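Student: sequence and predicted structure are below.
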Amino acid sequence: MPLSLLDFLIGRRVANREADAQKLGVLQAIPAMGLDSLSSAAYGPEAALSILAGAGMVGLAVITPVTVAIVILLVVLGGSYWQTIDAYPTSGGAYVVAKENLGPMPALLAATALMIDYTLNVAVGISAGIATVTSAVPALQAWTLPLCLVVLAVITLLNLRGTREAGAVWAVPSYLYILTISCTLAWGILKSISSSGHPIPAASPPPIPKAVEAISLWLLLRGFANGCTAMTGVEAVSRCQRIA
């Protein structure tokens, strides 16, 4: 039987009896379900800093407490998901939990919020990644939109092929990111220790800009809200099943 174009792109249909063979192991589940969280944590601090940097030195001084507040919120959210997975080991999604405990309308509201969150996660993640690429290669800036659409198409096709196949592909960037960020942190700590806490920059940083606006409660909350984009991918944990 000839292979259709649709089967070639998104893979063949999987029968119900093959469901067990599609379950993910730990090494595949981490990148498949954790890549959203990693990407969100990568662009969240930058989003907060882009707002607070406008206030100059005063804004840069408050980035630490804003980040600490976001981390605390992430810890609370992670603990909540941990309890949810314990209570619902086979299906701990927001819709299921809300429907069982609060009723159908809150469940639909939770599902709608997650759908919007998924859309924002994809949009912000792709745009942040392409922005990083174009900043390194300025010649590609004119191709920003086509590059975003190509990445979106690739992600869509890979996910349509199924969680198992997508998990195997996402393992490469996930583990590469963990490795590179770990090496960067280790190298930075080593350089700081070897220079008695005062490492010499490879290039002199630009002067800190003067404050263009005062730090108001509105600006502080706006920076916090932007930084909370670090949580747009954490909801992936709510889709996990307990791994034996």
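Tutor: Perfect, thanks for sending it. Numbering: from 1, shown residues only.
Student: low-confidence ranges in this protein?
Tutor: 1-24, 32, 91-92, 197, 199, 203, 205-214, 233, 235-244 (pLDDT under 70).
Student: please identify the helix or strand for the residue nearest the centre of the chain.
Tutor: What sits nearest the mean C-alpha location of the chain, by C-alpha atoms, centre = their mean, is S40, with 2.4 Å. Assigned by DSSP states H and E, S40 belongs to helix 26-52.
Student: list the buried residues in that helix.
Tutor: 28-45, 47-49, 51-52 (16 or more other C-beta atoms under 10 Å). Every residue, glycine included, has its C-beta placed from N, CA and C.
Student: ok so, going back, which ones are touching the residue nearest to the centre of the chain?
Tutor: 121, 125, 229-234 (C-beta atoms under 8 Å, 6 or more residues apart in numbering).
Student: can you list these in a markdown table and add secondary structure, distance to P146 and neighbour count?
Tutor: As requested, the contacts of S40 are exported to a markdown table (DSSP: H, G, I helix; E, B strand; the rest coil; distance: C-beta to C-beta, whole Å; neighbours: other C-beta atoms under 10 Å):
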| residue | secondary structure | distance to P146 | neighbour count |
| --- | --- | --- | --- |
| N121 | helix | 21 | 22 |
| G125 | helix | 17 | 22 |
| T229 | helix | 24 | 22 |
| A230 | helix | 28 | 24 |
| M231 | helix | 29 | 19 |
| T232 | coil | 24 | 25 |
| G233 | coil | 24 | 27 |
| V234 | helix | 30 | 20 |
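Student: of all these, which comes closest to L157?
Tutor: G125 (16.5 Å; C-beta to C-beta).
Student: and the closest one, how far from V169?
Tutor: 16 Å (C-beta to C-beta, to the nearest Å).
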